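# Whatever this is, show me its structure:
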Amino acid sequence: MEAPKSLIDKINAEFTTSLHFASPLPSSRTTEFDLVRGVLQILQGFSSSLFYWDRIRQRYRPKDGLYVTHLSQTSLSMVLDQFVCSATCLKLVEITVGKMQERSPPPTLRAFAQSVSAWLAKLRDIASKEEVKITGTTPTILGLASSLTSLCSGAEYLLQIVHGAIPKDYIEGGTRVSSAEMAVHILNRLYEKLNDACLVQGGEEDSYRMLLYIFVGCLLPYIEVLDSWIFEGILDDPFEEMFFYANKAIAIDEAEFWEKSYLLRSTQHKKLNMAHVTLKKIPVSSKTKGQNERDLMVCPLFLKDIAKEIISAGKSLQLIQHVPITSSSALVSRHDDTKRCMTQLSLSEIFCLSLTALIGHSDHMSQFFWQNDKIVSASESCVGTSCSEKIWYKFLVDGLPAKRECVNVNGENEISLEPIVSSFCPENPTITVCQKLLQANTGEWNTLNLSNNYILPPLNDEELRKAIFDGTTPNGTNYASGFPFGDSEIVHSRHSIKVVEALFPFPTVLPSFKEDLLISELLPFQKNSTLVSKVLSWIQTVEPKSTPLPVVILRECLTFYIKKQVDNIGSQILSKLLRDWKLMDELGVLRDVYLLGSGDLLQHFLVVVFKKLDKGESWDDDFELNTVLQESIRNSADGTLLSSPDSLVVSLTKMDVQQTSTSSSFVASSPRKARAQTSGINDLDSLKFTYKVSWPLELIANAEALNKYNQVMNFLLRVKRAKFVLDKARRWMWKERGTTTVNRKHRWLVEQKLLHFVDAFHQYVMDRVYHSAWSELCEGMAAAGSLDEVIQVHEAYLLSIQRQCFVVPDKLWALIASRINSILGLALDLYSVQQTLSSGGTVAAIKARCHKEVDRIDKQFDDCMAFLLRVLSFKLNVGQFPHLADLVTRINYNNFYMSDTGNLITAPPASDSVKFKLAKTVSV
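Predicted structure coming up:
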């Protein structure tokens with residue numbers, strides 16, 4: 001191979017001691033024009049004679065030995081590297097998007113692929129336009145580098161977005177991820193990237209605009225599902241992308257509907273990484289203490305705070321729609337209750353319009369749609385505004401659907417074609433495509449009209465008819481005059497033609513072909529999609545006036561309207577609960593039954609049960625108990641509280657063995673042989689009352705709530721029974737007024753102490769549980785804003801009355817409850833002693849045992865009171881439960897047991913105690 005004496009060889013020879021290099025092959029030499037054109041072709045995704053796609057290394061490569069005469073290999077390589085790198089990035093994006101679309105992706109992933117493809121086409125369109133410009137000119141590769149700076153930077157950034165949002169293993173098919181997790185990963189990743197890109201410098205708005213375009217495009221499918229859920233109560237999520245899902249095993253008319261019908265979707269995999277993903281199911285037992293329900297919820301970051309409210313709103317709509325309408329007023333307001341807040345626009349369209357106003361003019365659309373504390377329709381919001389020159393206002397006007405009918409002067413419905421031609425027509429896409437053509441040729445509308453072409457033209461058959469009918473001259477056949485019909489058929493036919501014309505105007509019009517026309521601007525693949533597609537196209541070209549943070553965008557453009565709709569639905573469901581479904585009336589019935597507010601309702605039933613317990617008779621027959629209960633309800637003045645007597649049913653449940661064994665402390669030492677048959681204070685706990693709460697109110701007063709009501713009722717029954725036996729024992733004591741002894745006075749004193757405690761405690765319970773807690777419940781219901789808050793208020797009410805009756809599952813509360821139960825049990829013990837003495841206990845040994853038993857009751861009562869006052873006073877000093885002050889004041893009336901300083905009143909002096917004991921030995 002010869003060594004030519006070129007300038008390059010001479011320069012090389014100076015530095016290489018005349019060592020010659022092989023000259024490039026002539027076939028590898030190219031002109032700068034061809035080089036520029038080859039670069040522009042690979043940027044558009046094509047291979048050329050100078051560059052080719054290396055499938056193994058997945059990159060563009062220039063032809064080996066490529067050179068131009070006026071550039072060194074090093075300089076040429078440095079210039080070409082940036083173009084080859086950008087073209088490779090665009091090609092990799094194209095390949096990745098193609099793989100995603102081959103797998104039939106779910107909506108969010110498909111929207112991501114479509115948005116990336118649109119931006120890819122936008123970048124490549126820059127190269128295509130540049131290729132057109134160089135025709136007939138002398139371009140340079142250095143000049144091309146300066147003119148394609150935005151394309152090169154955008155190509156690299158677009159590839160970063162794709163690799164960050166879509167894991168490589170998922171693209172290669174080695175990883176299976178649920179649609180919900182993939183959608184959340186994409187949205188969260190774009191949200192974080194947009195948050196980083198919002199603080200852009202001058203000239204770097206392209207990256208922000210690119211991210212915003214892709215983020216909005218990916219968010220639209222999610223918003224469409226939210227739209228149908230919070231405005232219609234329909235979960236239209238066939239690909240299961242939402243953060244919640246329907247439990248099809250639970251029907252809407254079941255008591256567990258509110259808690260279990262729609263559940264939050266929890267994550268099953270670890271966080272997706274960019275390069276590699278290891279997906280393992282997380283067992284429930286391995287949840288760490290720091291991972292709560294919110295952390296494991298598969299939900300976009302910007303919706304986690306209102307996720308539960310969104311679910312509740314859709315369920316509330318379903319309840320409103322499902323409950324039968326019972327009044328004509330409800331029938332009239334049914335449509336108004338569930339109507340869309342922006343009547344003519346969907347949530348996605350409102351989001352796009354608000355985004356346009358925010359980044360284009362720094363306007364807040366919410367001030368136009370939220371006026372005087374209520375949401376107004378889109379048409380009302382436009383009235384009186386001074387925004388006619390702003391782009392968002394133009395989008396709004398173009399997006400409003402026009403009315404199809406207008407009333408003429410004569411009052412007849414005429415079809416006006418002007419609104420149809422000038423607006424979006426989803427029923428007939430051809431009209432939408434041909435709008436400009438039809439508006440430019442209004443004179444041809446009558447010719448294209450269906451009513452003028454529906455009927456066949458008249459036939460020129462006069463001569464034929466004349467020949468057939470013997471010389472007469474009948475008129476020819478004219479179908480417009482109703483030749484085959486009568487008058488009624490003619491009128492009906494003309495009306496049908498008008499109806500068809502309204503549905504399908506200009507049926508013979510065919511659209512002209514237009515290249516690169518977005519199908520989303522013509523066909524309604526979503527609700528009024530032309531508005532959304534126009535906004536997306538606008539984002540691609542706009543120079544944003546501001547680059548707000550994504551949290552600001554979502555708060556102003558999306559979550560604001562979601563929260564307002566959620567609040568609107570909450571007010572509707574509350575109105576239904578309190579007015580139509582009579583929630584407070586039903587809770588009032590539960591209050592009267594379970595909190596013994598209506599003493600007359602269960603009086604007869606309780607007297608019968610108490611007598612059976614006193615006599616030791618069997619009372620384990622459910623049928624007999626329910627018979628007595630129904631008789632008690634029918635004979636009660638408050639029987640009308642219940643919708644029907646059989647809506648309240650009583651049953652017996654098995655008691656715990658340990659509880660039964662400790663139910664009475666006096667069985668072993670009873671002076672009566674029959675005392676073993678007498679039950680303890682806790683035996684009434686086996687009674688369980690079941691009230692049939694009407695649907696849908698049983699969503700609030702469910703089975704769990706009724707169990708809590710039963711716990712409170714069992715406690716109140718213990719107090720009621722203690723009061724019952726003490727009153728009965730007092731009547732027996734009044735019969736002994738003729739004789740007065742020390743023992744009898746002592747017994748009277750113990751009975752009075754027990755009776756005072758039981759009366760004071762019963763009064764405390766009725767004041768705090770029956771009245772005060774109910775007032776707090778009413779205040780909470782008035783302040784509630786949703787059904788969830790109503791349930792929370794009711795649960796707080798139940799917890800309050802449980803705490804005030806000391807039946808909450810707490811150790812300290814259990815200790816207090818045990819002392820109170822012991823005192824109530826002492827009332828039964830004293831009743832047994834008095835029953836023994838009143839039934840003829842004249843034997844000295846029996847009397848002595850009875851006196852000892854009274855001493856034991858007195859001492860145990862004092863011990864229990866000392867414990868209660870110490871504990872309750874400590875709690876009062878701490879200030880945790882100030883409502884206990886009322887209880888302490890009642891049971892420690894006039895500081896009988898404890899002084900103001902917290903010191904317990906000591907027992908009588910020893911000498912007095914000895915005298916008292918000696919006096920007790922005297923025969924009664």
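
# what about the stretch 1-150 of the chain, any weak spots by pLDDT?
Counting by pLDDT under 70, the ranges of the stretch 1-150 of the chain that qualify are 1-28.

# Please repeat the previous calculation with a cut-off of 90.
Applying pLDDT under 90 to the stretch 1-150 of the chain flags the ranges 1-37, 47-52, 55-58, 61-82, 99-105, 131-150.

# Break down it into its helices, ranges please.
7-15, 32-43, 73-102, 107-133, 141-147, 149-165 (DSSP state H, counting those that start in this stretch).

# Other residues contacting the second one?
Contacts of helix 32-43 with the rest of the structure, by C-beta atoms under 8 Å, 6 or more residues apart in numbering, involve 30, 47-51, 60, 66, 68, 70, 80, 83-84, 86-87, 90-91, 124, 127-128, 130-131, 134, 138-141, 144, 148, 151, 155. The way it works is simple: take the backbone N, C-alpha and C, and place the C-beta from them, glycine included.

# If any of these are buried, give me the PyMOL selection for them.
Restricted to buried positions by 16 or more other C-beta atoms under 10 Å, the PyMOL selection for the contacts of helix 32-43 reads:
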select buried, resi 30+48+50+51+60+66+68+80+83+84+86+87+90+91+124+127+130+131+134+139+140+141+144+148+151+155
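
# can you tell which of the helices of the stretch 1-150 of the chain is closest to residue 216?
With C-beta to C-beta, the closest approach to residue 216 among these belongs to helix 107-133: 8.0 Å.

# which of the residues in the closest one are buried?
Buried, per 16+ other C-beta under 10 Å, within helix 107-133: 107-120, 122-124, 126-127, 130-131.

# ok so, going back, would CSV of the helices of the stretch 1-150 of the chain with distance to residue 548 be doable?
Shown next, in CSV, are these (distance: least, C-beta to C-beta, whole Å):
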stretch, distance to residue 548
helix 7-15, 56
helix 32-43, 32
helix 73-102, 27
helix 107-133, 20
helix 141-147, 31
helix 149-165, 19
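
# out of these, which comes closest to residue 759?
helix 107-133 (67.3 Å).

# Buried residues in stretch 189-205, which are they?
So, applying 16+ other C-beta under 10 Å, buried residues of stretch 189-205: 189-191, 193-194, 197-198, 205.

# Which of these sits closest to residue 728?
Among the buried residues of stretch 189-205, and counting by C-beta to C-beta, the member closest to residue 728 is residue 191, at 72.9 Å.

# Which stretches in the stretch 601-750 of the chain count as helices?
603-615, 622-634, 657-661, 703-734, 742-765.

# Among those, show the one with the smallest mean pLDDT.
Note on the helices of the stretch 601-750 of the chain: lowest mean pLDDT is at helix 657-661, with a mean of 41.

# Hmm, residue 610 and residue 724 touching each other?
Yes - using C-beta atoms under 8 Å, residue 724 makes contact with residue 610 at a distance of 5.4 Å.

# just so I have it, where are all the strands in the stretch 551-700 of the chain?
648-652, 687-691 (DSSP state E, counting those that start in this stretch).

# I'd like to know which of the helices of the stretch 1-150 of the chain lies nearest to residue 561.
Judging these by C-beta to C-beta, what sits closest to residue 561 is helix 107-133, at 20.4 Å.

# Also compute the angle for that closest one relative to helix 73-102, please.
Angle between the axes of helix 107-133 and helix 73-102 is 140 degrees (criterion: axes from the mean of the first three to the mean of the last three C-alpha atoms, to 10 degrees).

# now helix 107-133: how far from the chain's centre is it?
Centroid displacement of helix 107-133 relative to its chain, using C-alpha atoms, centre = their mean, to the nearest Å, is 36 Å.

# Who are the packing partners of that helix?
Helices and strands touching helix 107-133, by 3 or more C-beta pairs under 8 Å, 6 or more residues apart in numbering; DSSP states H and E, are helix 32-43, helix 73-102, helix 149-165, helix 179-197, helix 205-232, helix 529-541.

# quick one, which of those is nearest to residue 549?
Closest to residue 549 of the helices and strands packed on helix 107-133 is helix 179-197 (C-beta to C-beta; 6.2 Å).

# For that closest one, name the packing helices and strands.
helix 107-133, helix 149-165, helix 205-232, helix 550-554.

# For the stretch 201-350 of the chain, give me the ranges with low pLDDT.
Using pLDDT under 90, the stretch 201-350 of the chain drops low at 201-208, 251-256, 259, 265-298, 321-350.

# which residues in it form helices?
For the stretch 201-350 of the chain, the helices defined by DSSP H, counting those that start in this stretch occupy 205-232, 257-260, 307-322, 328-337, 347-361.

# Following the last one in sequence, what is the next regular element?
Along the chain past helix 347-361, the next helix or strand (assigned with DSSP states H and E) turns out to be helix 366-369.

# what is the rounded mean pLDDT of that next one?
Mean predicted confidence for helix 366-369 is 71.

# same deal with stretch 532-539?
88.

# ok, now which ones touch the residue nearest to the spatial centre of the chain?
Centroid-nearest residue in the chain: residue 311, 2.0 Å away (criterion: C-alpha atoms, centre = their mean). Residue 311 makes contact with 244, 262, 264 under the criterion C-beta under 8 Å, 6+ apart.

# could you dump the residues you listed to a markdown table with neighbour count and distance to residue 178?
As requested, the contacts of residue 311 are exported to a markdown table (neighbours: other C-beta atoms under 10 Å; distance: C-beta to C-beta, whole Å):
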| residue | neighbour count | distance to residue 178 |
| --- | --- | --- |
| 244 | 22 | 13 |
| 262 | 20 | 17 |
| 264 | 16 | 14 |
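
# who are the neighbours in contact with residue 298?
Residues counted as contacts of residue 298 (C-beta under 8 Å, 6+ apart) are 178, 180-181, 184, 243, 265-267.

# Test my guess that residue 51 contacts residue 61.
Yes - between residue 51 and residue 61 there is a contact at 6.9 Å, judged by C-beta under 8 Å.

# shared neighbours, those two?
residue 84.

# In three-state terms, how would residue 546 be classified?
coil (DSSP: H, G, I helix; E, B strand; the rest coil).

# any idea how far residue 392 is from the nearest residue to it once chain neighbours are set aside?
In this structure, residue 546 finds its nearest non-sequential neighbour in residue 362, 5.4 Å apart by C-beta to C-beta, 6 or more residues apart in numbering. Going from residue 362 to residue 392 by C-beta to C-beta, to the nearest Å gives 11 Å.

# do the same with residue 597
Distance, residue 597 to residue 392, using C-beta to C-beta: 59 Å.

# more neighbours, the two?
residue 392 (23 against 19; other C-beta atoms under 10 Å).

# element containing the more buried one, please.
helix 391-399.

# Report the angle between that helix and helix 529-541.
160 degrees.

# any idea of the angle helix 391-399 forms with helix 347-361?
Using the same axes, to 10 degrees: helix 391-399 against helix 347-361 is 150 degrees.

# tell me which residues in helix 391-399 are buried?
391-393, 395-396, 399.

# For residue 150, which non-adjacent residue is spatially closest?
Of all residues not flanking residue 150 in the chain, residue 206 sits nearest, at 5.7 Å (C-beta to C-beta, 6+ apart).

# The nearest residue to residue 100 once chain neighbours are set aside: what's it in contact with?
Using C-beta to C-beta, 6+ apart and skipping residues adjacent in sequence, the residue nearest residue 100 is residue 113, 4.5 Å away. Applying C-beta under 8 Å, 6+ apart to residue 113 gives the contacts 97, 100-101, 105.

# could you redo the last one with a cut-off of 10 Å?
Contact analysis of residue 113 by C-beta atoms under 10 Å, 6 or more residues apart in numbering lists 96-101, 103, 105, 162, 166, 217-218.

# Quick check: residue 727 touching residue 755?
Yes - contact criterion C-beta atoms under 10 Å: residue 727 and residue 755 qualify, at 8.0 Å.

# Of those two, which one has the most company?
A direct count of neighbours by other C-beta under 10 Å for residue 727 and residue 755 places residue 755 higher, at 18 against 13.
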